[in-house]
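# Take a look and give me a structure for this.
(chains A and B, ligands or ions: 1)
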Amino acid sequence: MTEAKAASIPLAVEFTGGLELLFSNQRKHKIAIPSKKPDGEPSNVGDLISWLCDNLIKDPRKEMFVLDDSVRPGILVLINDADWELEGEDKYELQPNDEIVFVSTLHGG
Amino acid sequence: MYQTSEIDANIARLRQQIAGTEAHLRQLKVQLSRAEQQAKEAHDLGQTYDGGHPVEWQAETLAALSQKIGSSSRLHEDGIPATTPQHSGEPLLLSSGDVSSPSSKGRWPLSTEEYRRYGRQLILHEVGLQGQLRLKSAKVLVVGVGGLGCPAAAYLAGAGVGTLGLVDGDTVEVSNLHRQILHSTNTIGIGKVDSAVDYLNGLNSLVNLIPHRAHLTPQTALEIISSYDAVLDCTDHPTSRYLISDACVLLGKPLVSASALRTEGQLMALNMPPKPPGDASGGPCYRCVFPKPPPAESVVSCGEGGIVGPVVGVMGVLQALETIKIIATGTVDRADSNGKTSEMHSKANEAPAPASPSLLLFSAFSSPPFRSVRLRLRRTNCASCSAQATITEASLTSGSLDYVAFCGVTSPLDILAPHERIGASEYSKLYRSSPHILLDVREPVHFELSSLPGAINLPWSECVAKPGEALLQDVERLTQGREDEGRDVLVVCRLGNDSQLAVAKLKQAGWQGAVKDLRGGLRAWRQEVDPDWPDY
Ligand SMILES: [Zn+2]
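Numbers count the residues shown, from 1 in each chain, chains lettered A, B, ... in the order given. The predicted model follows:
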């Protein structure tokens, strides 16, 4: 049990701006993903995105979330309330209880 | 039957337009008689008190008398002020030389009316006299007079922004009115800019309103924006958002950008401070935040996705607030003769605040509803605001930048063979006579609004992620006890897109029976068969 806990990293993930429609129409998800990649390196946000595509997305239109191995244009990734570009983008190493928000930009007005 | 209804609809529309125009005429007549009455009073006052009435009193009395004058807007050309600005503080109705006005001679920095009108904000140190004078001398452009632009323009005019430009090429529709608060039932069919000018004149005739009755284009954007000090992006599509941002960077204008959809909104101040391209201390532009446009099929309009009125209203009000903050604090000054906005140095020793860009997220049904997040600074390879910028005034005005192509266009979905589809008129002849399963794949909220008799609701959003097997089981379960309807399926949706996907999926899963979709969805049904079908 403790081993299993050590092997995974708890995260709070949120989808907004319509992205929640791809994830069972649920905005907030409490998840735990493997804390290390197969090669032993700590998991980063890029790994989280892959994990979400393999495990959490319900809609078959995955291209509305990822395109060319990253989030599609028009989606901002926020790591603890900051643009992920301030934190190293997909290379940011996940810490327990990090809050990762995926925001689809809106255009209506 | 159909033709009669169409004529009826036309008559109703014409009646509505006549009513709207008559209402406007009545309004103008009221304004005229009010103005005539005030002119008479002013004249009488001048006669009665000539020489005996203290100069200060005369000015104040006349200023009070002149408060309610509005003016018509439609007589004015595009780009030309729609009101006569009365900024000097001179009483409106005095012919020159009758009475000398103390305020016009600079006894007080604002007119009598201005003190009264803006008193509640004048006594705040965040605004104060200097802030009010800056607002008065500021020129602000609101691009898009819809759900964001209406509340934004109302608050900017209310606050006494001296010159307010309004850009929009659309006309008012009844479906705008639940959120676009400057328009009214009487202005349906009228240009949004004219409708807004009417309202804003009534709200505050001291504001110099400038109508621009067309959508912004790459050819017109620079010329229009250059004569303003700050810009609000209140538009509803990525093409205009990139265009406005590029133009603001080239001209050195701060840009307050907002958007809204369904129950959510987003707000950013961009190019703030508005430094020249290549100056890393300037605020990021729209391209810094979104270097690549979203796929066209991910762009959802308020018409398609829906919008809660106060949600977009909140965002428009926040845009006005952000603009008032930028102007009143003296962060940017008026445009100089070259159209560039220079930074204000009135706070002599204060260095201009460095860029600390943020994005405000509003989600009306979440708790907490607001979240502010830090954004990146300028991108060193930004196509618009970096030292390597490729977007220039020339590339913009020459039309070589194709924003529509850049953002992409969606072509209507067309994945079925012609024999797999049926037109609305054809279906109207068959739907009572030939037994079939009628599957409506819209969301339950749509289905609840109106549905065809006997239709079964199976939302596509629930089917889309399911394996084909499960979808077949769903249809079997929903059609139990309705065996007399046979095995043929007709799929309908709102516009005829999801219905095609559902037909393809049912066929692929191996449904035993013919499967077709209603071409053009229930919109085509309304247009071709049943004009009373709810239009939402
Ligand atoms: Zn930029």
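
# C-alpha only now, for contacts and for neighbours.
OK.

# Tell me the residues on chain B that lie near the ion, please.
Residues of chain B lying close to the ion (Cα under 5 Å from the ion) are B:285, B:287-288, B:382, B:385.

# Now render those residues as TSV, adding neighbour count, distance to chain A and secondary structure.
Listed next are the residues of chain B next to the ion as TSV, based on neighbours: other Cα atoms under 10 Å in any protein chain shown; distance: Cα to the nearest Cα, whole Å; DSSP: H, G, I helix; E, B strand; the rest coil:
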residue	neighbour count	distance to chain A	secondary structure
B:Cys285	32	14	coil
B:Arg287	20	11	helix
B:Cys288	23	11	helix
B:Cys382	23	14	coil
B:Cys385	33	17	coil
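
# Could you dump those into CSV with pLDDT added?
Shown next, in CSV, are the residues of chain B next to the ion (pLDDT from 0 to 100):
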residue, pLDDT
B:Cys285, 98
B:Arg287, 97
B:Cys288, 97
B:Cys382, 97
B:Cys385, 97
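
# Now render those residues as JSON lines, adding distance to B:Lys136.
Formatted as JSON lines, the residues of chain B next to the ion follow (distance: Cα to Cα, whole Å):
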{"residue": "B:Cys285", "distance to B:Lys136": "27"}
{"residue": "B:Arg287", "distance to B:Lys136": "31"}
{"residue": "B:Cys288", "distance to B:Lys136": "32"}
{"residue": "B:Cys382", "distance to B:Lys136": "34"}
{"residue": "B:Cys385", "distance to B:Lys136": "30"}
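
# residue boundaries of the strands in chain A?
With strands called from DSSP state E, chain A shows them at A:8-16, A:28-34, A:66-67, A:70-71, A:75-79, A:82-83, A:98-104.

# Of those, which is nearest chain B?
Among the strands of chain A, the nearest to chain B by Cα to the nearest Cα is strand A:82-83 (4.6 Å).

# Over that closest one, what's the mean pLDDT, rounded is fine.
Strand A:82-83 shows a mean pLDDT of 96.

# who does the lengthiest helix in chain A touch, helix- and strand-wise?
In chain A, assigned by DSSP state H, the helix with the most residues is helix A:45-55. On a contact count with 3 or more Cα pairs under 8 Å, 6 or more residues apart in numbering or on different chains; DSSP states H and E, helix A:45-55 meets strand A:70-71.

# Pull the residues that contact the strand it packs on.
Contacts to strand A:70-71, defined as Cα atoms under 8 Å, 6 or more residues apart in numbering or on different chains, come from residues A:46, A:49, A:65.

# Quick check on the residues you listed: which are buried?
By neighbour count, with 16 or more other Cα atoms under 10 Å in any protein chain shown, these hold A:46, A:49, A:65 as buried.

# Which is the succeeding secondary structure element to the helix-or-strand element of chain B with minimal mean pLDDT?
In chain B, the helix or strand scored least confidently by mean pLDDT, DSSP states H and E is helix B:55-65, which has a mean of 51. Next helix or strand after helix B:55-65 toward the C-terminus (DSSP states H and E): helix B:112-117.

# pLDDT added to the buried ones among the contacts of strand A:70-71, as JSON lines?
Converted to JSON lines, those look like this (pLDDT from 0 to 100):
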{"residue": "A:Gly46", "pLDDT": "96"}
{"residue": "A:Ile49", "pLDDT": "97"}
{"residue": "A:Phe65", "pLDDT": "96"}
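
# Output those residues in JSON lines; the columns should cover distance to the ion.
Compiled in JSON lines, the buried ones among the contacts of strand A:70-71 are given as follows (distance: Cα to the ion, whole Å):
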{"residue": "A:Gly46", "distance to the ion": "25"}
{"residue": "A:Ile49", "distance to the ion": "26"}
{"residue": "A:Phe65", "distance to the ion": "24"}
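
# What distance do you get for the residue lying closest to B:Ser428 once chain neighbours are set aside to B:Gly423?
Once flanking residues are discounted, B:Ser428 sits nearest to B:Val529: 6.9 Å by Cα to Cα, 6 or more residues apart in numbering or on different chains. Between B:Val529 and B:Gly423 the computed distance is 10 Å (Cα to Cα, to the nearest Å).

# can you check B:Ile391 too?
In terms of Cα to Cα, B:Ile391 sits 47 Å off from B:Gly423.

# Between the two, tell me which one has more neighbours.
More crowded of B:Ile391 and B:Gly423, by other Cα atoms under 10 Å in any protein chain shown: B:Ile391, with 20 against 16.

# Skip the chain neighbours and tell me the closest residue to the more buried one.
That would be B:Ser384: by Cα to Cα, 6+ apart, it lies 5.4 Å from B:Ile391.

# Could you pull up the residues touching that neighbour?
Residues in contact with B:Ser384, defined by Cα under 8 Å, 6+ apart, are B:246, B:249-250, B:277, B:285, B:287, B:390-392.

# Dig out what the closest residue to the ion within the stretch 1-150 of chain B forms beta bridges with.
Across the stretch 1-150 of chain B, the shortest distance to the ion (Cα to the ion) belongs to B:Val143, at 19.9 Å. B:Val143 forms beta bridges with B:Val167, B:Asp233, as assigned by DSSP bridges.

# For stretch B:173-189, measure first residue to last.
6 Å.

# Show me which of the buried ones among the contacts of strand A:70-71 is closest to chain B.
Closest approach to chain B among the buried ones among the contacts of strand A:70-71 (Cα to the nearest Cα): A:Phe65, at 9.8 Å.

# Am I right that that closest one is in contact with A:Leu76?
No. Using Cα atoms under 8 Å, A:Phe65 is not in contact with A:Leu76, being 10.9 Å away.

# Tell me how far the closest residue to B:Ile307 other than its chain neighbours lies from B:Gln17.
Excluding its sequence neighbours, the residue lying closest to B:Ile307 (Cα to Cα, 6+ apart) is B:Arg262, at 4.0 Å. Distance of B:Arg262 to B:Gln17, computed by Cα to Cα: 31 Å.

# okay, the two: which has more neighbours?
The neighbour comparison of B:Arg262 against B:Gln17 (other Cα under 10 Å) goes to B:Arg262, with 23 against 18.

# list the contacts for that one?
Per Cα under 8 Å, 6+ apart, neighbours of B:Arg262: B:302, B:305-308, B:311.

# give me the element B:Val404 is part of.
helix B:403-407.

# Check which helices and strands that helix sits against.
Judged by 3+ Cα pairs under 8 Å, 6+ apart, the packing partners of helix B:403-407 are helix B:238-251.

# Just the C-alpha atoms of the following helix or strand past the helix it packs on, please, in PDB.
Using DSSP H and E, the helix or strand that follows helix B:238-251 towards the C-terminus is strand B:255-261. The C-alpha coordinates for strand B:255-261 follow below in PDB (Å, rounded to 0.1, in the frame of the first residue of the first chain):
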ATOM      1  CA  LEU B 255      -5.600  46.500 -25.900                       C
ATOM      2  CA  VAL B 256      -8.200  45.200 -23.500                       C
ATOM      3  CA  SER B 257      -9.400  41.900 -24.800                       C
ATOM      4  CA  ALA B 258     -12.300  39.800 -23.500                       C
ATOM      5  CA  SER B 259     -14.400  36.800 -24.700                       C
ATOM      6  CA  ALA B 260     -17.300  34.700 -23.400                       C
ATOM      7  CA  LEU B 261     -19.100  31.500 -24.100                       C
END
